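> need a structure here:
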Amino acid sequence: MTDPAPSHFWDTSYAIDGYKYGLQPNAFLVEQAAHLPPGARVVLPGDGEGRNGVWLARQGHAVSSLDGSAVGLSKARALAAAHGVELETGHLDLAEWSPSPCSADAVVLTYVHLPPPLRRQVHRQAAQALRPGGRLILEAFHPDQLGRSSGGPKDDALLYRLETLRADFAGYLAEIVGWEGEVELNEGPGHRGLARVTRWVGVAA
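Reported below is the predicted structural model:
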């Protein structure tokens, strides 16, 4: 839901009526969240308008939604209030993200597209933030998404292959899900239609 564009780009993108990526959680996240322990501590870097963070909070988890867009975070807090749940939010540039080691039961990265050096940094910090047995859940657009109108960056360097993710997390997390394929997205006006995505889940030792 993010990329290296300046925060004002995302502030403008989110300053629309309604929610750019809809109100429903990502389908892969819903599927994988069934494996989280009750009351899990979950961190969502690049959570945008909060649809995923709020949904996790509604399931009883302790959630931190992080994003570089103040507008997105404001909408996330409004969504949490509408559902009567607590949502911790943090306004930050992911280049400056420095989570405490072993502080989270799960880290969720949903369409967080970053340039290679920052991507590797954020991915390894996310892995190190996990407690033993903690899960990293990730969905992103694949390079074959280029040319499609269903969402995503228009730069191949910002799109993720399965082999890229495996290299990023090698030595940090054990893969339990690794998949590339086509899905039908219906996530607000920002993600709609057939899309080529990469899904990955890893577990901390």
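
> Check residue 7 and give its pLDDT.
Note on residue 7: pLDDT of 65.

> So which residues of the chain form helices?
7-14, 27-33, 51-58, 70-83, 116-129, 162-169 (DSSP state H).

> Count the residues that sit near residue 15.
13 (other CB atoms under 10 Å). Glycine gets a C-beta too; all of them are placed from N, C-alpha and C.

> before we move on, back to that, most packed of the helices of the chain?
The highest average neighbour count among the helices of the chain, using mean count of other CB atoms under 10 Å, belongs to helix 51-58 at a mean of 25.

> Identify the residues contacting that helix?
If you take CB atoms under 8 Å, 6 or more residues apart in numbering as the criterion, helix 51-58 is touched by 19, 21-26, 29-30, 33, 42, 44, 47, 63-65, 76, 79-80, 83, 85-87, 108, 110, 187.

> and it with helix 70-83, angle?
Helix 51-58 runs at 30 degrees relative to helix 70-83, counting by axes from the mean of the first three to the mean of the last three CA atoms, to 10 degrees.

> And the strands in this structure?
In the chain, the segments counted as strands under DSSP state E are 41-45, 62-67, 88-91, 104-110, 130-141, 173-187, 191-204.

> Report the buried residues of the fifth one.
If you call a residue buried by 16 or more other CB atoms under 10 Å, then strand 130-141 has these buried ones: 130, 134, 135, 136, 137, 138, 139, 140, 141.

> and these as TSV, adding distance to residue 169 and pLDDT?
TSV is the format used below for these (distance: CB to CB, whole Å; pLDDT from 0 to 100):
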residue	distance to residue 169	pLDDT
130	11	98
134	13	98
135	12	98
136	7	99
137	12	99
138	9	99
139	15	98
140	13	98
141	18	98
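
> Averaged pLDDT, stretch 26-38. What do you get?
98.

> Figure out how far it is from the centre of its chain.
13 Å (CA atoms, centre = their mean, to the nearest Å).

> how long is stretch 129-148 from one end to the other?
34 Å (CA to CA, to the nearest Å).

> Please state the offset of it from the chain centre?
With CA atoms, centre = their mean, you get 7 Å for stretch 129-148.

> I am finished for the moment; much appreciated.
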